[in-house]
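> Any chance you could fold what I've pasted below:
(4 chains, ligands or ions: 4)
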There are 4 protein chains.
Amino acid sequence: MAEIGIGILGGGYMGKAHAVAMSSVAALFDTALRPRLEMVCASRPESAERYRQAYGFARATTDWQALVADPAVEAVVIATPQETHRPIAEAAIARGKPVFCEKPLGASPADSAALVAAAEAAGVVNMVGFNYIRTPASQFARQLLAEGAIGEITWFRGEHTEDFLADPQAPASWRTRGSANGTLGDLAPHMVNAALALMGPLDRVMGSFETVHAARPGGVVDNDDQAQVMCRFASGVMGHIHVSRIATGRKMGYAYEITGTKGAIRFDQEDQNALWLYRMEGPEATRGFTKILTGPEHPDYLPFCQGPGHGTGYQDQIIIEAKDFLEAIHAGAARWPSFRDGHAVNRVIAAIRASAEAGGWVAVDPA
Amino acid sequence: MAEIGIGILGGGYMGKAHAVAMSSVAALFDTALRPRLEMVCASRPESAERYRQAYGFARATTDWQALVADPAVEAVVIATPQETHRPIAEAAIARGKPVFCEKPLGASPADSAALVAAAEAAGVVNMVGFNYIRTPASQFARQLLAEGAIGEITWFRGEHTEDFLADPQAPASWRTRGSANGTLGDLAPHMVNAALALMGPLDRVMGSFETVHAARPGGVVDNDDQAQVMCRFASGVMGHIHVSRIATGRKMGYAYEITGTKGAIRFDQEDQNALWLYRMEGPEATRGFTKILTGPEHPDYLPFCQGPGHGTGYQDQIIIEAKDFLEAIHAGAARWPSFRDGHAVNRVIAAIRASAEAGGWVAVDPA
Amino acid sequence: MAEIGIGILGGGYMGKAHAVAMSSVAALFDTALRPRLEMVCASRPESAERYRQAYGFARATTDWQALVADPAVEAVVIATPQETHRPIAEAAIARGKPVFCEKPLGASPADSAALVAAAEAAGVVNMVGFNYIRTPASQFARQLLAEGAIGEITWFRGEHTEDFLADPQAPASWRTRGSANGTLGDLAPHMVNAALALMGPLDRVMGSFETVHAARPGGVVDNDDQAQVMCRFASGVMGHIHVSRIATGRKMGYAYEITGTKGAIRFDQEDQNALWLYRMEGPEATRGFTKILTGPEHPDYLPFCQGPGHGTGYQDQIIIEAKDFLEAIHAGAARWPSFRDGHAVNRVIAAIRASAEAGGWVAVDPA
Amino acid sequence: MAEIGIGILGGGYMGKAHAVAMSSVAALFDTALRPRLEMVCASRPESAERYRQAYGFARATTDWQALVADPAVEAVVIATPQETHRPIAEAAIARGKPVFCEKPLGASPADSAALVAAAEAAGVVNMVGFNYIRTPASQFARQLLAEGAIGEITWFRGEHTEDFLADPQAPASWRTRGSANGTLGDLAPHMVNAALALMGPLDRVMGSFETVHAARPGGVVDNDDQAQVMCRFASGVMGHIHVSRIATGRKMGYAYEITGTKGAIRFDQEDQNALWLYRMEGPEATRGFTKILTGPEHPDYLPFCQGPGHGTGYQDQIIIEAKDFLEAIHAGAARWPSFRDGHAVNRVIAAIRASAEAGGWVAVDPA
Ligand SMILES: NC(=O)C1=CN([C@@H]2O[C@H](COP(=O)(O)OP(=O)(O)OC[C@H]3O[C@@H](n4cnc5c(N)ncnc54)[C@H](O)[C@@H]3O)[C@@H](O)[C@H]2O)C=CC1
Ligand SMILES: NC(=O)C1=CN([C@@H]2O[C@H](COP(=O)(O)OP(=O)(O)OC[C@H]3O[C@@H](n4cnc5c(N)ncnc54)[C@H](O)[C@@H]3O)[C@@H](O)[C@H]2O)C=CC1
Ligand SMILES: NC(=O)C1=CN([C@@H]2O[C@H](COP(=O)(O)OP(=O)(O)OC[C@H]3O[C@@H](n4cnc5c(N)ncnc54)[C@H](O)[C@@H]3O)[C@@H](O)[C@H]2O)C=CC1
Ligand SMILES: NC(=O)C1=CN([C@@H]2O[C@H](COP(=O)(O)OP(=O)(O)OC[C@H]3O[C@@H](n4cnc5c(N)ncnc54)[C@H](O)[C@@H]3O)[C@@H](O)[C@H]2O)C=CC1
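Ligands and ions are numbered 1, 2, ... in the order given. Here you go, the predicted structure:
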């Protein structure tokens, strides 16, 4: 029952989520390493102190370098804006500390390339925060695909659609500035990661993105409201991805459908405890999509509940991430999705941008 | 209570559907013109005679020219393969007879252009058989959009997906030969028509199509198994359309979702009696997609049943078409979707093919 | 291709539905007997004449006895209020004419008992109009049960809920007067018939019913707004039935769920083209309710459409009834549900009323 | 940031859930009192020690009296079998320690009556573990009802159905012995509590229960597999409740539907992040059930996630309970559902048993 001192950078949306996850992951998964909430870092002293108290950290700071350097901090979780990912992660790697970085990995493919190189050279455990793919349902989808349960794949459609900026009167803010905060920068990484995880590498893409509401109360918008991309996987399979922050009515529209020669899979995060599976089996008259409720038979469900259909939620995904990160540290080896995987996502995003500008297909940079 | 003699060309899938529709449309809608099943035409004498008896026509023939020329045939319904649409329709137009033609209108834009010119020059009532858009639900969707119920539109996604050729072992047949029978030729017209009906004209497209299973038992496949297209409407709205005949598990996947600044609409033909409507109204806490069951308040529902939620089906769409065709004849004016609309669909399909070959965006021929 | 002259009594809700059905049933099912709309009867001459024209009958009358006696009327369809069922049916039986009677069979068990006796003594073809059980989905449910697809049955729950009187301000009318028009009289027969069809005979019941809105604009309500009943089938299985006309939001809530030792079935008429089937088969991890869309593999679907998932609607149920009635006539033998089955339903309703009064379990009169 | 020492009795299904909840509740809700996992108790020393390590308690014991008496244990959570609830709770009350007891409150109404008396006499904070009613969706349903959002209630239907004993070959075990472990003892309390919470007190009931599979491998079954009850609330509203452990296909079928004169509510725990609301508002043509996804606007959601539709799960309900228990302790006053409420549930269960034996309606003991 070895303890491990955790330092978390950021105490906002995701900083809290990771702090909470570190509080209960050991009790839930009986992990070999048991996190101790050592230090939290935020921009302003008042908030850093507030987070410390609320989340139960021993200490707080506004100096991320101090946190990374602190000897009691044995592993680092980065939950600050993307521009800060690279310097912080590099500092942690330099000190040989395992590092978990929220998605996307850095603000550009240059950032992520540098981080992959650094982390792999240093042999430091590294991981990126693509939480949605960690629901029991999506993990099970990956298993089914790996087992060939739906045959050869012929089609992939993914979307990550929300509506937090659907109202044209929603004011301009940091969210409406900077490509890193547009839909390609902010939402697409989740679904691109899902596409890669479910389908394997992408060969080429043909994208299109746009700012639908260019002027909002309080300012001009300079990043994209939605994007779409036709794509071709290395396997030869055709696909489509759509991301939007103006998809009125969609709250957590992380959804995909995958068609194969022997079946099909459908998933929508808004009903995250169900996976729909069609199989070309048995008499035609009894075929249809089966609504499978997640339960103890599915990956990472049982620790949360012995009963099937009882359901897991958003926070539980972050706990599963924490478990995987702790296991990776314990094993001393990076775990999927590693920085390498985070970089692969960034390369796809870059190709989407390039193809939109080119008005045609663009190959994804293979490394 | 004037009678009108109907001649139907083809007695197969759609020939039967139109014959049945003509049998009951008057009783259901109390139409001014009451159809009399005068003559049916099929390729072979045995089947023509069989259709005559089964559907209750007075006479049968294998000579479509005879049918068109027959004085007792006062209106013509074309339910034969696309290659035959043009000569038959031209003959009917030449005789000044109202003509209803199954989708698509002819086998090419050249065909449909010629038919528009001929029909309009002759002032003959003309209509194309896009039945799916005629469900009470989809008619109501059009109404809602026209009323601005969901604000300014920002996104359209449509699909027409089925799985009749999903099994790679399904044998080669006429369906797997000739571009008119591929998904762009056969399925796309329905959804392109829906896109135009719901969203207005298309400005440009960027498509991609493919034969997934190039070899099937019995022969080589020379037409497309699936296609997708990113598009831009004249209104400036971005969209996507996907068509497939290998979409395992999808039986009647004619589905669309339309996002606007004040709401959203979702529809799936597999549950054709429901329309899902989201509205940015009232407190956030009670918002969500409302599942509206069709009923007497919705277009063309009441004649089928006084009770809401009791439902209409596939055949009822064809009856609604028949009613509209009879009303058009009675009024002496073409009714939507006319040949002009059928030609607009063909022009979009042609642009999709061209864009796929070009690997880039192609403007839709505006006329 | 023998013709048969049909006389329909009533031209309202159901009179129209049967007239329409008789217009297209032959074209759809290629029936041996082809209906000829001979005569329609309504209370008032204007409406009788209006129905004649609209539905395409040869003649109209206000004298039901004249219709029944007319030599060109070879089969009789009763679509008038329940009080009239018995005299009309008795007259038809007396003349040896096949008779189809809308549900319920007469206004009381006494009526239905008399009709069973008369029809069976005369050897006249007879049938009762329980249309909802005739959807392809519900017919398929019966098949599955008969095949033991879900094992030994352990539970049945049925409801027939609508909301046409949910608004307390909906005015008093004939619907709110007379027990025949309350929910036990009007809605329960459909679901009791379904229960018997799906589960076999009922042994005993324990019911409760009530008038929720006793005063409505325009008068006092003297029949029931809703009812519920716990029941025990002869097979020993426990069940529950609920009927309501004040079930706000429910439009066609004819729904059932049946649990067995090896699976379960769920159905809701508001999505009448889907049947949900659960089977205790294969690995636990892939089990769930399968949403089966009706298609050509299911009973009585193919004549309406070659494509699965294309769907049938309310009117199609009545057409299926017409087909069965014509086949029964052709075969010269009563078809399920016969008058005997209609009487069985009435006996259950009587037992429910008795049990509610007794405040305890009451055995269903076994014959 | 006062700490409070927590002692948990039982480390199984619910013992773990409460331990996990106590680990993260403070970080999530920033509670005034912050739990410290002081001691866990289990039957056997090995398991007690295992729970201690896995869940992170300071100490372990097999002696529940030692735990209750321990000065560092400032509040007690009882997650042991129902037979043990009373002695343990009485001991805690005797020492003036706040006590949270898993459902049901004791093994009988006598137990719960004694506990209510003791706790209220001692003025000790007390609460019962009805977790399902604490989802954001069900809390919101209660709010809607309280606000009159659906008008006067006219009907309630609830069920708690699972299938863990659906297979007749599932072996006999402690679950199949003793009325406390039958469906009335084990499952019904949750749904009865929901009925009371949503609808107010119950006036009378008429129930029926049964052992469907009386013999199982390994022994005879002496408790009930399923039960149903017709009921009448004090408000005059009619209702029905069904509970089953053999409901094949149902995994977490805690579901209810409530009808009112102005709307209706539907909920199913298998999709716990959605509440369906129908309102008699606006034009008929746009009415339907709205699928509301829970989000920050709904009770107790925001602490788990800032994004709507991101979802909470089973474990989160227990965390919400922990928060409420801590708040109750902090405030020094019992919180709903208190022992009084737990006793009310037990009285209803007793009345259901009595009515089944009587074969008729039985009044619920009013105090
Ligand atoms: N996986 C997921 O579901 C989500 C991931 N994210 C990702 O998480 C990261 C953080 O996003 P949010 O939590 O939404 O942001 P936030 O704005 O809620 O929180 C950011 C935190 O970082 C701190 N911070 C900012 N700059 C800092 C600096 N230079 N030094 C020290 N602390 C600094 C702030 O004080 C704040 O506590 C981003 O990379 C974002 O893309 C965000 C939301 C959801
Ligand atoms: N709106 C819809 O939902 C559907 C529309 N269609 C369209 O309907 C048309 C017909 O397709 P199906 O009914 O599926 O075909 P089918 O193969 O079932 O029937 C074709 C009929 O045309 C007759 N025919 C063929 N060539 C002829 C000729 N030269 N002269 C006289 N008769 C001839 C055949 O004897 C046969 O009766 C096509 O244009 C197709 O695209 C087809 C299926 C569905
Ligand atoms: N299977 C189903 O889904 C439904 C069945 N029904 C049943 O159908 C029957 C008729 O109901 P609706 O069509 O709703 O009634 P309606 O009020 O719409 O029509 C009744 C018709 O009967 C005629 N009529 C009444 N008394 C007559 C008399 N003495 N002689 C001749 N004609 C007379 C009226 O003129 C009218 O045309 C009832 O038994 C009812 O229970 C009604 C609605 C749905
Ligand atoms: N709210 C909910 O969703 C659920 C509530 N429950 C309730 O929780 C309670 C516990 O049930 P489970 O956790 O399923 O049982 P379990 O069998 O999983 O765990 C029972 C625990 O109690 C301990 N224990 C038993 N007798 C003891 C004694 N005399 N002294 C000390 N420890 C003792 C055992 O060692 C074990 O750790 C029951 O009252 C049950 O009704 C159970 C499951 C779900």
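> residues in contact with the spatially most central residue of chain A?
Among the residues of chain A, the one closest to the centroid is residue A:130, at 1.8 Å (CA atoms, centre = their mean). Residue A:130 makes contact with A:103, A:189-190, A:193-194, A:197, A:337, A:341-342, A:345 under the criterion CB atoms under 8 Å, 6 or more residues apart in numbering or on different chains. Heads up, the C-betas are built off the backbone N, CA and C, glycines and all.
> The closest residue to it other than its chain neighbours: what secondary structure?
With sequence-adjacent residues excluded and distances taken as CB to CB, 6 or more residues apart in numbering or on different chains, residue A:130 is closest to residue A:193, at 4.4 Å. Of the three states, residue A:193 takes helix according to DSSP: H, G, I helix; E, B strand; the rest coil.
> measure residue A:193 to ligand 4 for me?
To ligand 4, residue A:193 is 34 Å away according to CB to the nearest ligand atom, to the nearest Å.
> wouldn't that residue be in contact with residue A:103 here?
Yes: between residue A:193 and residue A:103 there is a contact under CB atoms under 8 Å: 7.3 Å.
> Give the intersection of the neighbour lists for these two.
A:128, A:130, A:342, A:345.
> quick one: the third one is in a helix?
It stands for residue A:342. Yes: applying three-state DSSP, one finds residue A:342 inside a helix.
> which residues sit in contact with it?
With CB under 8 Å, 6+ apart, residue A:342 has these contacts: A:101, A:103-106, A:112, A:115-116, A:128, A:130, A:193.
> got it, and the last one?
Residue A:345 is in contact with A:103-105, A:128, A:130, A:189, A:192-193, A:196, counting by CB under 8 Å, 6+ apart.
> Check those against ligand 4 and report the nearest one.
For the contacts of residue A:345, the minimum distance to ligand 4 (CB to the nearest ligand atom) is 31.2 Å, reached by residue A:130.
> Kindly give the local confidence score, pLDDT, for that closest one.
At residue A:130, the pLDDT value in this model is 97.
> Same check on residue A:354?
98.
> I'd say it and residue A:362 touch.
Yes: at 4.7 Å, residue A:354 counts as touching residue A:362 under the criterion of CB under 8 Å.
> Next up, phi/psi of the closest residue to ligand 4 within chain A, please.
Ligand 4 sits closest to residue A:307 of chain A, with a gap of 7.5 Å, by CB to the nearest ligand atom. Note on residue A:307: backbone dihedrals following degrees, to the nearest 10 are phi -90, psi 130.
> Spell out which residues of the stretch 201-350 of chain A are next to chain C.
Contacts of the stretch 201-350 of chain A with chain C, taken as CB under 8 Å from any CB of the partner chain, map to A:274, A:277, A:283-293, A:295, A:297-298.
> Repeat the analysis, applying 10 Å as the threshold.
Selection of the stretch 201-350 of chain A residues close to chain C by CB under 10 Å from any CB of the partner chain yields A:274-279, A:281-299, A:308-309.
> Spatially nearest residue to the residue of chain A closest to ligand 4 (excluding sequence neighbours)?
Closest residue in space to residue A:307, ignoring its immediate chain neighbours: residue D:252 at 6.4 Å, by CB to CB, 6+ apart.
> what's the distance between the one you found and chain B?
Distance of residue D:252 to chain B, computed by CB to the nearest CB, to the nearest Å: 21 Å.
> and if you look at residue A:3?
Taking CB to the nearest CB, one finds residue A:3 at 42 Å from chain B.
> Just give the number of residues close to that residue.
Applying other CB atoms under 10 Å in any protein chain shown, we find 12 other residues in the vicinity of residue A:3.
> Identify the residues contacting it.
Contacts for residue A:3 (CB atoms under 10 Å, 6 or more residues apart in numbering or on different chains) come out as A:26, A:33-36, A:38, A:74.
> Specify the local secondary structure of it.
Classification of residue A:3 using three-state DSSP returns strand.
> and it, bridged to which residues?
Applying DSSP bridges to residue A:3 gives these bridge partners: residue A:34.
> give me every residue that touches the residue of the stretch 1-150 of chain A found nearest ligand 3.
Closest residue of the stretch 1-150 of chain A to ligand 3, CB to the nearest ligand atom: residue A:137 (40.5 Å). By CB under 10 Å, 6+ apart, the contact set of residue A:137 is A:265, A:267-269, A:271-276, A:292-294, A:298-299, A:301, A:312.
> And whichever residue of the stretch 1-150 of chain A sits closest to ligand 2, how close does it get to residue B:295?
Nearest residue of the stretch 1-150 of chain A to ligand 2 (CB to the nearest ligand atom) works out as residue A:150 at 27.6 Å. Note on residue A:150: its distance to residue B:295, by CB to CB, to the nearest Å, is 38 Å.
> ok, back up a step: next step: the residues of the stretch 201-350 of chain A next to chain C restricted to strands.
Mapping these onto strands (DSSP state E) picks out A:274-279, A:289-293.
> what subset of those is also close to chain B?
Okay, of those touching chain B (CB under 10 Å from any CB), that's A:276-279, A:289.
> Make TSV out of these and add neighbour count and pLDDT.
What follows is these, written out as TSV (neighbours: other CB atoms under 10 Å in any protein chain shown; pLDDT from 0 to 100):
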residue	neighbour count	pLDDT
A:276	22	98
A:277	23	98
A:278	25	98
A:279	23	98
A:289	23	98
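> tell me the two of these that are most distant?
Distances among these were taken as CB to CB; the most separated pair is A:276 and A:279, at 11.1 Å.
> Spit out the residues that contact these two alike.
Common neighbours of residue A:276 and residue A:279 (CB under 10 Å, 6+ apart) are A:264-265, A:288-290, B:249, C:290.
> Quick check on residue A:132: phi, psi?
Residue torsions, per degrees, to the nearest 10, at residue A:132 are phi -60, psi -30.
> And whichever residue of chain A sits closest to ligand 3, how far from residue C:292?
Nearest to ligand 3, among the residues of chain A, is residue A:285, at 26.4 Å (CB to the nearest ligand atom). Distance from residue A:285 to residue C:292, counting by CB to CB: 7 Å.
> Any stretches of the stretch 1-150 of chain A with poor pLDDT?
Counting by pLDDT under 70, the low-confidence segments of the stretch 1-150 of chain A come to A:1.
> Can you pull the residues of it lying near ligand 3?
Residues of the stretch 1-150 of chain A lying near ligand 3 by CB under 6 Å from any ligand atom: none.
> does residue A:49 count as helix, strand or coil?
Assignment for residue A:49 (three-state DSSP): helix.
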